[in-house]
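*Asks:* Let's see this in three dimensions:
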Amino acid sequence: MSSTDVRKEAEDSGPSGYAAARLRLLSEGAQSGPPRRSALSELTDDWLSGLFNAGVLDAADGGLRGVSLVAVGGYGRGELSPRSDLDLLLLHDGSDSGAVAALADRIWYPVWDLGLALDHSVRTPAEARKTAGEDLKVQLGLLDARHLAGDLGLTAGLRTAVLADWRNQAPKRLPELQELCAERAERQGELQYLLEPDLKEARGGLRDATALRAVAASWLADAPREGLDDARRRLLDVRDALHLTTGRATDRLALQEQDQVAAELGLLDADTLLRQVYEAARVVSYASDVTWREVGRVLRSRAVRPRLRAMLGGGKPVAERSPLAEGVVEMDGEVVLARAARPERDPVLPLRAAAAAAQAGLPLSLHAVRRMAAGTRPLPTPWPAEAREQLVTLLGSGQPTIDVWEALEAEGLITRLLPDWERVRCRPQRNAVHIWTVDRHLIETAVRASEFTRRVHRPDLLLVAALLHDIGKGWPGDHSVAGEIIAKDVAARIGFDREDVAVLSTLVRHHLLLVDTATRRDLEDPETVRSVAEAVGSQGTLELLHALTEADALATGPAAWSSWRGSLVADLVKRVSAVLAGDEPTEPEAAAPTAEQERLAIEAVATGSPVLSLRAQTEPPALTEGEQPPGDPEPLGVELLIAVPDQSGVLPAVAGVLAMHRLTVRTAELRALDLPDGVEGSVLLLNWRVAAEYGSLPQAARLRADLVRALDGSLDIAGRLAERDAAYPRRRGVVAPPARVTVAPAASRLATVIEVRAHDAPGLLHRIGRALEDANVRVRSAHVSTLGANAVDAFYVTGPEGAPLPGDEAAAVARKLEETLRA
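*Replies:* Numbers count the residues shown, from 1 in each chain. Take a look at the predicted model:
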C-alpha cells in the first residue's frame, strides 16, 4: 500500500483509521529512513489537520478565526521517528480564549487516547515570543515551526518574528546555546566513544546537529556542510530502528538492543552498527568544534572592530599573520597556510602544519585542512626525514595533538598518510576497561607517552610505538602478532632504518608483556624473568617498553593502571634489567620468616586455630632527578598475613571469607613454614595482598572468627555468596563468555602454571580454590588480575610432593577446573 493510500485510509476512518494506518506504515518495512519519516509526518499532519478543522467548524457562530496549529521541534522538521513526541503549538490571536481552550481539548485528547507522547502549548504570538526570549529550548523549537492547519498568516507572522528575534539576539543567545551544549556533553559524554550511547543527548548526537541548524539560522556563522546531512540521517535511521525493536521512546542504544537494531538496519553485526554511529557522531562533533570556533571569532571581531576602526581613522583592520613554520602562519587564533604555501609542491606541508598547530596549542583552520586535502601530493616512500620528524613532533605535543589529529582525520588526511589507520578508525572496543575507540586510544597513548619522553633515550621510537601498538586490532587473530607485521611495514615506510624498525616491531609485539607478566606470574621464578629478557633483547628496548606499558595503561582507562600494578611492573623491569646486564637469576630460596610471621606461626600452633594480621602497604613513587617526593606515599594495598595449622581446604576457606567481607585479592602466596627449634607442629603461612572494594577494611577479629568457622565447616560460604549474588540482578541481555582454563607451557621450572580467564564475580577465587583442592594439587602462589569485569588469574601449582605436574595430569586439572567454572 502506497503512502497516499495509507493517508486516505486514515482520513476516512478517524482516530482508529490513523492508528491502523500508522501501524501499517511502521510494520510493512516497504519504507525506511527519510521516506518513512516523511510519510509518518504527512500521515500525522493530515490526521491532526482533520481534528483541528472539525473542532473549528464545531465552534460557535459558524467557526473560529485567528487560530492555527503549528508543528515545532523535530515534528516541525518532519523527522518523526516511530516513538517520537508530537511537539504542537496551538497559536491564536487572543480574541476568544474559551473557544481556543475547547479546540485544544478536541485535539489533545485524541492524541492521548492513542497513547502518543505529546508536548503541547497554547499561546498568542506575543506569548510565544516572550516565552522564547526566556527559554532557549522553546526558541530553538520555534525555529523549526511548520504550519499544519488554520490561519496561515498567523503562523507565517510568528515564524518571521521568531527568526528576526533570533538573528537580532544571536550575539547573546549563541553563547548561551554553546554553554548548554557543553553542559549536556559533560553529563552525557561523547557519542563517538560510548558503548551505550544516547543518540540524542550525547556530544555529537542529534541535539548537537539541531544546534548547528540554529547557528546557521542566525546568519552569524555556518557549519561545514560536507557529510553533515548524511551523518544526521544515519543517526535518525538508528533511532528509528531502536524505537521499532524496543517498542519504546528511547534514545539510548543499550548493549542488549544493538544486535536487533543492526539486523533491523540490515547491518552485519553490532560492531558495524556502532562504527557507523561513531563515524556519524565524529562528523557532527567536528562540525560543532569548527562552528563554535567561528562563532567565537565573529563575536570577538564584532567587539573589537569599532575600537580598531576608531584608532585607524575609519579604515578596515587587517588581521595579523604570525609565522609558525615554512608555509604556515597563525591568524586570528587559528593556524592557516601562508599566502606563498603551495600544497601541490610540498608533500610534507600537512604534517608540518599539524605539528606547528599542536606545538602552538592552536586549532587548524578548516580552510587550511581542506586545501591541503585537496591539493597535497602523496609523500614518497620512504618518507623524507623532515616528514618523519614532523610526525614525531606532532605526536609529542601533548593534549593539543588530539584536536589537530581529528582535524586531519575529518578530511581524510590521516588515512592518506597511514593507510592502515582505516581499519582501526572508529573501531569500538567491547571491553569495560577501555573508554575509547581503538584509534582514539592510540592517540591518547601518544599523548601519555609524550609525558615520558625524558625517561627514554629514543623518544621518537616511544611516540611512534604508542601510535602503532594496537594497530593490529583491525585484523583477525592476536592483535599483537598482526600489529608486529603492520608496524614493520609502517616504520619502514616512514623512513626508520632497519635497527629502528626491529625495535618498533618488538615494542608492538610485546606491548602487553610487562604488565601481563608482572600481574600474572611469579617474579621470584627465574624462568619468568629470563623469558622476558629473551623477548625484549636489550636495555634500550626494555626502557622503551616500560614507558610504553605505562602510557598504554593510563590511556586505556582508570581500571587499567594503579600504584600496585606500577610497582609490580617496576619490580619486573628491575629484575629483567639485571639479567640483560649479565646477572643470572638464581633459584629462589625460602625466605627466613620475619619476626611477625614467626610470632603468628607460634600462636597458631599454640591455639590450634588461625591467626592473622592486617597492615597497609605503601611505596614512594619513582622520582626523576631533582624531583621532590610528595607528602604521603601512595598506598599499594593491604598485606594480610595468616598462619594456620596445616590442613586441607585453607585456600578456598580464606578466599571465601575475604569475598564475604568484600576484599579483593591481588596476590596470594602460600607456603609451609619451618618453626623454631622446640616448637612442634606444621603451619601454613599465607601472605596475601588485598584491597577493600568500598574503601573500609573489616576488623581482624571478625575475619579470624569467620575463618575459624569456615575451616571447621560451620560457615556456609557458598550459600552466603549465592545469596548476595542473587540480591544484585544481572542486566538483561549481558551474557559473559564462558570461562577458559589453560596450562601455560614452559612458564616455570618450579611449578605448573594454570591460567584462568573468567567473568569476575564474588567468590570466584573461592570456587577455583575448592576445585584445585578437589584435584589434590597444592597452590604455591596465585597472581590475580582483574580488568573491568574480566578476571585473569595465574596459579602456580605442584603435586603433593612439591614437584610440577606431568603434562597429562596438568591438562586434566585444567579441563576439570574449566568444567567447574562453566557449570
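*Asks:* Now do the longest helix anywhere in the chain, average pLDDT.
*Replies:* If you go by DSSP state H, the chain has its longest helix at helix 270-311. Mean pLDDT, computed over helix 270-311, is 86.
*Asks:* Tell me which other helices or strands whichever helix or strand comes after that helix touches.
*Replies:* Sequence order places strand 321-325 as the next helix or strand after helix 270-311, per DSSP states H and E. For strand 321-325, the packing partners by 3 or more Cβ pairs under 8 Å, 6 or more residues apart in numbering; DSSP states H and E come out as strand 328-331, helix 349-360. (Glycine included, C-beta is placed from N, CA and C.)
*Asks:* so how far is residue 350 from residue 422?
*Replies:* 17 Å (Cβ to Cβ, to the nearest Å).
*Asks:* Then residue 357?
*Replies:* Residue 357 is 11 Å from residue 350, by Cβ to Cβ.
*Asks:* So between the two, which is more surrounded?
*Replies:* residue 357 (30 against 26; other Cβ atoms under 10 Å).
*Asks:* thinking the more buried one is in contact with residue 363, fair?
*Replies:* Yes: applying Cβ atoms under 8 Å, one finds residue 357 in contact with residue 363, separated by 6.7 Å.
*Asks:* what sits in contact with each of these two?
*Replies:* 335, 404 (Cβ atoms under 8 Å, 6 or more residues apart in numbering).
*Asks:* in the stretch 651-800 of the chain, which spans are helices?
*Replies:* 700-712, 717-726, 764-774 (DSSP state H, counting those that start in this stretch).
*Asks:* quick one: average pLDDT of the shortest one?
*Replies:* Averaging pLDDT along helix 717-726 gives 81.
*Asks:* Show me what that helix is packed against.
*Replies:* helix 650-660, helix 764-774.
*Asks:* quick one, the last one and helix 650-660 angle?
*Replies:* Orientation note: helix 764-774 sits at an angle of 170 degrees relative to helix 650-660 (axes from the mean of the first three to the mean of the last three Cα atoms, to 10 degrees).
*Asks:* which outside residues touch helix 764-774?
*Replies:* 648-649, 651-652, 654-656, 658-659, 665, 668, 717-718, 721, 754, 756, 758, 779, 782, 784, 791, 793, 795, 797, 813, 816-817, 820-821.
*Asks:* quick one, it and helix 700-712 angle?
*Replies:* Using the same axes, to 10 degrees: helix 764-774 against helix 700-712 is 40 degrees.
*Asks:* chain center to helix 764-774, what's the gap?
*Replies:* Relative to its chain's centre, helix 764-774 lies at 34 Å (Cα atoms, centre = their mean, to the nearest Å).
*Asks:* What residues sit buried inside it?
*Replies:* 764, 765, 766, 767, 768, 769, 770, 771, 772, 773 (16 or more other Cβ atoms under 10 Å).
*Asks:* okay, the angle between it and helix 717-726?
*Replies:* Using the same axes, to 10 degrees: helix 764-774 against helix 717-726 is 150 degrees.
*Asks:* model confidence over helix 764-774, on average?
*Replies:* 90.
*Asks:* now swap in stretch 438-450 and tell me
*Replies:* 96.
*Asks:* What lies in contact with that stretch?
*Replies:* Contacts for stretch 438-450 (Cβ under 8 Å, 6+ apart): 192-193, 395-399, 401-402, 405, 409, 421, 424-429, 434, 436, 462-463, 465-471, 473-474, 547-548, 550-552, 554-556.
*Asks:* can you check stretch 544-553 too?
*Replies:* 445-446, 448-449, 451-452, 455-456, 458, 461-462, 465-466, 469, 503, 506-507, 510-515, 536, 560-561, 565-566, 569-570, 573.
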